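Visitor: turn this into a structure:
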Amino acid sequence: MLNLLIKTDQPLAGLYLFEDMKPLYRHEWQADKELAESINREIDFVLKESQKKMTDLEGIGIFSGPGSFTGLRIGHSVANALAYGLSLPISSGKGKSWQKQALTSLLSGENEVLAMPDYGRDARITTPRK
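Guide: Next comes the predicted model:
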């Protein structure tokens, strides 16, 4: 089962391809404030470098947090859109063992349908003005 895992909680973002639990390809890049502009291009790069196509993917895994509000939001938007658009299962994981958690869920047939970020605390949102 070919799975794409996505981690976007820090300025250094990562994409990881796994065949079952075996890592096939790891790609990290300094996304900083260009994450939204670069993530799709980087996914294409990873697939091309590993000689895979989008249609070869069988699952999507995402680091759910805690981490950067904007980074997690962008990563989850992309992961959820890929899972929905390609009709793939999606699973998330937290902490240092997030990859193992996400892969174990995917390999056991679980599907969150919509992965939600965990920011580690309530988002600091400006109160609306009247």
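Visitor: low pLDDT regions in this structure?
Guide: 123-124 (pLDDT under 70).
Visitor: now do the strands in it.
Guide: Remark: strands assigned in the chain by DSSP state E are 2-7, 12-19, 22-30, 59-65, 90-94.
Visitor: buried deepest among those, which one?
Guide: strand 59-65 (a mean of 27; mean count of other C-beta atoms under 10 Å). Just so you know, the C-beta spots here come from the backbone N, C-alpha and C atoms, and that holds for glycine as well.
Visitor: list the helices and strands it packs on?
Guide: If you count contacts as 3 or more C-beta pairs under 8 Å, 6 or more residues apart in numbering; DSSP states H and E, strand 59-65 packs onto strand 2-7, helix 69-85, strand 90-94, helix 98-107.
Visitor: could I have the third one exported to CSV, CA atoms only?
Guide: What follows is the C-alpha trace of strand 90-94 in CSV, where atoms were taken according to Å, rounded to 0.1, in the frame of the first residue of the first chain:
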residue,chain,number,x,y,z
ILE,A,90,-6.8,9.7,5.3
SER,A,91,-5.4,9.2,8.8
SER,A,92,-3.5,11.5,11.2
GLY,A,93,-0.9,11.1,13.9
LYS,A,94,0.5,13.2,16.8
